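Asks: Pasting the sequence and the predicted model now:
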Amino acid sequence: MKTDNLLIHLQNSVDAFSLKPRHVDLIRKALPDTRITVAGGNSDFMEKLPEAESALAWVFKSDWYKSAPRLKVLFTPAAGHDWVATDPSGRVRTFYGSFHGRIMRESLLSMMLHFNRRLGKSLKDQNNRIWGRLDYNNCRGLFSQRVLIVGYGSLGRSMAELLKAFGAGVTGVKRTIAGIEGNPHVDRMITFERLEEELPFADHVIILLPGGSETDGIFTARHFSAMKPGAFLYNLGRGNCYREKDLLIALKNGPLAGAGLDVFAREPLNPASPLWEQPNVLITPHSSAISREYIDLFIEEWLETLREI
């Protein structure tokens, strides 16, 4: 796709998510014939929006499309629709990022190895100068374990690729699996309706569900109860898909042995939340996609999409 007037507004409170001068240089080199404008802030972006034919933005509200009569295509690094709405009229094509898996799968792997290799105990023993070598006899390798990925989209595929390289058995879960064939990184695919019968066999359950009313509370107390004793749960999707009280019961009374949590129903996580106190919980502050390479990966994906549309 040829674009004559590109407007960019990619500033974020997370520095790794913000456009840098080197990124602008990269874009100018890739699109030498395009007029490129980097907005200085929200008001500057809105002022220049009427002339833009394409835009890169972190935030774009539904009613803003009326202020962009020449806009043809909008790109955002975000994977979800939380901050960038699709055009209600269907006039403007909206593209969301799908590159996050290359970063987030490393965050997931660090969580899984934290539990499998008992790294929390290692740090505690190191602080206390304890040589607890005999306490690692029950460690297990990913190559002998089964992993269940709930919400098997582009992010799940990337994670499955890495887990398969470690030799894990991987099952993907989607609402519908019609037409999904030839994925070399999963042993099989199932629908969400079959999730409860599959949970008793999974050593690790990874939740990658999007937010919204359709997934609100979709992983219930019944699902937690069906999990394999000693299993671990990881959530790198959105925090609305289960109730915190149900998770806490499963952590305190079983069957869960631990949980790696990057997202929560309310963020930041309340300092009074009992999750902070659980010794078998690893908490990260919605940081699983934060990396110095973030915007580089977005630009790489965006330029490739431009060539294809």
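Replies: Sure thing, it's come through.

Asks: rest of the way, CA atoms for contacts and neighbours
Replies: Noted.

Asks: just the helices in the stretch 201-309 of the chain please.
Replies: Assigned by DSSP state H, counting those that start in this stretch, the helices in the stretch 201-309 of the chain fall at 221-226, 244-253, 294-308.

Asks: Ok, the stretch 1-150 of the chain next?
Replies: Per DSSP H, counting those that start in this stretch, the stretch 1-150 of the chain carries helices over the ranges 21-30, 42-48, 101-116, 119-128.

Asks: still on that earlier bit, redo the helices of the stretch 201-309 of the chain as a markdown table? Include mean pLDDT, distance to Ser158 and mean neighbour count.
Replies: Output for the helices of the stretch 201-309 of the chain, formatted as a markdown table (pLDDT from 0 to 100; distance: least, C-alpha to C-alpha, whole Å; neighbours: other C-alpha atoms under 10 Å):
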| stretch | mean pLDDT | distance to Ser158 | mean neighbour count |
| --- | --- | --- | --- |
| helix 221-226 | 98 | 25 | 17 |
| helix 244-253 | 98 | 26 | 16 |
| helix 294-308 | 97 | 14 | 15 |
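
Asks: count of residues packed around Met112?
Replies: Counted with other C-alpha atoms under 10 Å, residues neighbouring Met112 total 20.

Asks: ok so, going back, can you put the helices of the stretch 201-309 of the chain in CSV and add distance to Gly260?
Replies: Listed next are the helices of the stretch 201-309 of the chain as CSV, based on distance: least, C-alpha to C-alpha, whole Å:
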stretch, distance to Gly260
helix 221-226, 15
helix 244-253, 11
helix 294-308, 22
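
Asks: Which one of the ones you listed lies nearest to His81?
Replies: helix 294-308 (16.1 Å; C-alpha to C-alpha).

Asks: Among the helices of the stretch 201-309 of the chain, which comes closest to Ala68?
Replies: Across the helices of the stretch 201-309 of the chain, closest to Ala68 is helix 294-308 (C-alpha to C-alpha), at 19.5 Å.

Asks: Outside of that closest one itself, which residues are in contact with it?
Replies: For helix 294-308, contacts defined as C-alpha atoms under 8 Å, 6 or more residues apart in numbering pick out 1-2, 16-19, 23, 27, 75, 77, 97, 99-100, 103.

Asks: Top of those by number of neighbours, please.
Replies: Most neighbours among the contacts of helix 294-308, by other C-alpha under 10 Å: Pro77, with 25 neighbours.

Asks: distance of that residue from Asn240?
Replies: 22 Å (C-alpha to C-alpha, to the nearest Å).

Asks: now Ser67
Replies: According to C-alpha to C-alpha, Ser67 stands 33 Å off from Asn240.

Asks: where does the stretch 101-250 of the chain have low pLDDT?
Replies: Applying pLDDT under 70 to the stretch 101-250 of the chain flags the ranges 179-182.

Asks: My guess is Ile207 contacts Gly151. True?
Replies: Yes - Ile207 lies in contact with Gly151 (C-alpha atoms under 8 Å); the separation is 6.4 Å.

Asks: one step back: ok, which of the helices of the stretch 201-309 of the chain comes nearest Met112?
Replies: helix 244-253 (16.1 Å).

Asks: Which strands or helices does the closest one pack on?
Replies: On a contact count with 3 or more C-alpha pairs under 8 Å, 6 or more residues apart in numbering; DSSP states H and E, helix 244-253 meets helix 221-226, strand 256-261.

Asks: now do 10 Å
Replies: Where contact means 3 or more C-alpha pairs under 10 Å, 6 or more residues apart in numbering; DSSP states H and E, helix 244-253 is packed against helix 221-226, strand 231-235, strand 256-261.

Asks: and of these, who's closest to Gly132?
Replies: Per C-alpha to C-alpha, nearest to Gly132 of these: strand 256-261, 20.2 Å.

Asks: If I take that closest one and helix 101-116, what angle do their directions form?
Replies: Angle, strand 256-261 to helix 101-116, by axes from the mean of the first three to the mean of the last three C-alpha atoms, to 10 degrees: 150 degrees.

Asks: and strand 256-261, average pLDDT?
Replies: Strand 256-261 comes out with an average pLDDT of 98.

Asks: which helices and strands sit right next to that strand?
Replies: For strand 256-261, the packing partners by 3+ C-alpha pairs under 10 Å, 6+ apart come out as helix 101-116, strand 204-207, strand 231-235, helix 244-253, strand 281-283.

Asks: Recalculate using a threshold of 7 Å.
Replies: With contacts taken as 3 or more C-alpha pairs under 7 Å, 6 or more residues apart in numbering; DSSP states H and E, strand 256-261 sits against strand 231-235, helix 244-253, strand 281-283.
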